[in-house]
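>>> coords below, sequence missing:
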């Protein structure tokens, strides 16, 4: 099975994450150390560095990792927007704008700053709100061969109607098949 088509800069709103096989995008306190040793196809990160014009994230994630130079290992530089209910207590940081507005307005602001390139959404809660408003153009997931068991889910909306997705670059309704063998099972 081949990966999706190469990423292009087209002014899209991308909800973008590496996700554990059990649906978590971070550990319980936004830990990301579980991603060490996980590799993507060659050149993938460079595609995102080239096609990303701005990043939109949430305050919880920002407070856990307040480093604008950490995006794509420091290879990407551009404007970062952090949506928060309390911008007044945020530490001013170069290239980071703290916004207190409706998520749709945050997208408008960040897309304008992206200069025709893509806006990457790095927040599960903001991404879910944008998805419900019809403002996500693509969901771009990299499924890592790890089971976290707990943490921050990509999408958590109990009682909602299922949201159907169409796969990009393949049969739009096809299931993505993955097959793994456990390498370390605790307690056995």
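In hand now; what should we look at? Nothing here was measured: the structure is a model prediction, and the numbers come from that model.

>>> Which pLDDT does the model give the residue nearest to residue 73 when sequence neighbours are not counted?
Of all residues not flanking residue 73 in the chain, residue 45 sits nearest, at 7.0 Å (CB to CB, 6 or more residues apart in numbering). The C-beta positions use only the backbone N, C-alpha and C, and glycine is treated the same way. pLDDT recorded at residue 45 is 89.

>>> Residue 45: how many residues sit nearby?
Per other CB atoms under 10 Å, the neighbour tally for residue 45 reads 14.

>>> Run through the neighbouring helices and strands of the helix or strand encompassing it.
Element membership for residue 45 (DSSP states H and E) is helix 44-51. For helix 44-51, there is no helix or strand it packs on, judged by 3 or more CB pairs under 8 Å, 6 or more residues apart in numbering; DSSP states H and E.

>>> Quick one: mean pLDDT over the very next helix or strand once past it.
For helix 44-51, the following helix or strand on the C-terminal side (DSSP H and E) is strand 52-58. Averaged across strand 52-58, the pLDDT comes to 97.

>>> re earlier: which of the residues in the helix holding residue 45 are buried?
Counting neighbours by 16 or more other CB atoms under 10 Å, one finds that the buried residues in helix 44-51 are 48, 49, 50, 51.

>>> try stretch 49-69
For stretch 49-69, by 16+ other CB under 10 Å, it's 49-62, 68.

>>> Let me know the closest of the residues you listed to residue 177.
If you rank these by distance to residue 177 using CB to CB, residue 51 comes first, at 27.2 Å.

>>> Contacts only, for the closest one.
With contacts defined as CB atoms under 8 Å, 6 or more residues apart in numbering, the neighbours of residue 51 are 7, 8, 9, 117, 118.
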